[in-house]
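Student: sequence unknown, structure follows:
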């Protein structure tokens, strides 16, 4: 797959561009924390009949993290699926490394989506977990499928042997995303998750800006993570190829010595 | 002897791959459990109030989940020595009286949809006369589990509460 390759002389996996991206992500994330946890208002409404306060209160702040995370989770898994299709067509290390990297990052963000959603659900829904919610369950299935994908990649001695079945798994797993996204419409009044806020324009002003800013920063962080993971995956392939070449070379030397005897 | 050494390595490497395979198998089982738990248990899905009322005879004393909008006029009282909150749930112009046992959800409020779990009881709820607009049909749902279905509106000054047509 890689041919005769040489391990580049690297001290780390960063470059000038990735350093700029990393710093931008870090600064952006700090700004997001200030916006989400200090500058935006808590969700407090007044009941028109009882006059009592109700709403999500401070729990709403978690949505500035939760919603951007699910956005980048979708994107990471879609990149993984596109890269997997690219690998099945072109059979190159570049596509395979991209698929593997984006799957790892997507699985991480998906775990964070489930965790932040659960923390938000306790005060707002009155439950940590809802087995009857189609969106939660289909997201859990997505997470488990990509955990399986990552386990599959480690189940083979040779990364090349793992690439093809993993690509097929990724292409199947990604079909869950439309189900997750549309479940609140398809199941409507039979599922706990609320419908889309953005598509119905039920958000505005600083709340909308913070959410959009959160999505932008999450995109930067995701890109930075995938970039570094891609470079590590590339180096891992090179190391494996070198290991194979060294083993072949050693075997040849042993054979030559035996023939000389 | 030198030739056997790499082969021994390979055997060890194959054994070291057992863990990911095992993890993969366990994940497949986990996915199957999740699918079974989600799709296999019909009680996890919610009946809107109108459907719960329509299927009252069919449901008998089986537990089910119902979603609806609590109406103004929540009454705290006791039922069989247990503290309950009595209110009327609606969906469109169909109403059902409810006696909920235990603490209500933090965000429980008239106009905010809730999902309740319980069973039909063929008699009036306690303190029926104190409810503002009861179903008053000789039945009530006795529930013990409540989750709140939050709306998708984040415009603080424009968010509206759900209401039902007056029955």
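Tutor: Structure received. Nothing here was measured: the structure is a model prediction, and the numbers come from that model.
Student: before we move on, what SS does the nearest residue to residue B:76 once chain neighbours are set aside have?
Tutor: Distances taken as C-beta to C-beta, 6 or more residues apart in numbering or on different chains place residue B:85 nearest to residue B:76, at 5.4 Å, with adjacent residues excluded. All C-beta atoms are positioned from the backbone trio N, CA, C, and that covers glycine. Per DSSP: H, G, I helix; E, B strand; the rest coil, the local secondary structure of residue B:85 is strand.
Student: give me the number of residues near residue B:85?
Tutor: Counted with other C-beta atoms under 10 Å in any protein chain shown, residues neighbouring residue B:85 total 21.
Student: Bridge partners for it, pull those for me.
Tutor: When assigned by DSSP bridges, residue B:85 has beta-bridge partners residue B:76, residue B:100.
Student: where's it relative to residue A:47, distance?
Tutor: 16 Å (C-beta to C-beta, to the nearest Å).
Student: So for the residue positioned nearest the centre of chain A, what's the nearest residue that isn't a sequence neighbour?
Tutor: Residue closest to the average C-alpha location in chain A (C-alpha atoms, centre = their mean): residue A:106, at 1.5 Å. Closest residue to residue A:106 apart from its sequence neighbours, by C-beta to C-beta, 6+ apart: residue A:76 at 3.2 Å.
Student: Okay, and residue 143 sits in which element?
Tutor: I went with chain A, as the question did not name one. Element membership for residue A:143 (DSSP states H and E) is helix A:134-154.
Student: hmm, I had chain B in mind actually
Tutor: Residue B:143 is part of strand B:140-148, with elements assigned from DSSP H and E.
Student: what's that strand packed up against?
Tutor: Other helices and strands packing on strand B:140-148, by 3 or more C-beta pairs under 8 Å, 6 or more residues apart in numbering or on different chains; DSSP states H and E, are helix A:93-125, strand B:94-101, strand B:114-121.
Student: list the contacts for the residue nearest to the centre of chain A?
Tutor: Going by C-beta atoms under 8 Å, 6 or more residues apart in numbering or on different chains, residue A:106 touches A:72, A:73, A:76, A:77, A:79, A:80, A:146.
Student: can you check residue A:63 too?
Tutor: Residue A:63 neighbours (C-beta under 8 Å, 6+ apart): A:120, A:211.
Student: where's it relative to residue A:36, distance?
Tutor: Distance from residue A:63 to residue A:36, by C-beta to C-beta: 9 Å.
Student: Tell me, how many residues neighbour residue 98?
Tutor: By default, I'm working from chain A. 23.
Student: should've been chain B
Tutor: 27.
Student: That one against residue B:86, yeah?
Tutor: Yes. If you go by C-beta atoms under 8 Å, residue B:98 and residue B:86 touch, sitting 6.9 Å apart.
Student: Report the mean confidence score over the helix holding residue A:143.
Tutor: On average, the pLDDT along helix A:134-154 is 92.
Student: so does it get close to chain B?
Tutor: Yes. Using C-beta under 8 Å from any C-beta of the partner chain, helix A:134-154 reaches chain B at A:134, A:137, A:140, A:141, A:144, A:145, A:147, A:148, A:151, A:152, A:153, A:154.
Student: can you give me the offset of stretch A:175-187 from its chain's centre?
Tutor: Relative to its parent chain, stretch A:175-187 has a centroid offset of 18 Å by C-alpha atoms, centre = their mean, to the nearest Å.
Student: swap in stretch B:102-110?
Tutor: Computed by C-alpha atoms, centre = their mean, the chain-centroid distance of stretch B:102-110 equals 14 Å.
Student: circling back to that earlier point, any idea how far residue A:54 is from the residue nearest to residue A:106?
Tutor: Distance, residue A:76 to residue A:54, using C-beta to C-beta: 36 Å.
Student: Okay, strands next: where are they in the chain?
Tutor: Picked chain A for this. A:43-46, A:53-57 (DSSP state E).
Student: please go with chain B instead
Tutor: B:46-48, B:64-70, B:75-79, B:82-91, B:94-101, B:114-121, B:140-148.
Student: which parts of the stretch 51-200 of chain A sit against chain B?
Tutor: Counting by C-beta under 8 Å from any C-beta, the stretch 51-200 of chain A sits next to chain B at A:52, A:54-56, A:60, A:123-127, A:130-132, A:134, A:137, A:140-141, A:144-145, A:147-148, A:151-157, A:189-192, A:194-197, A:200.
Student: Many thanks, have a good one.
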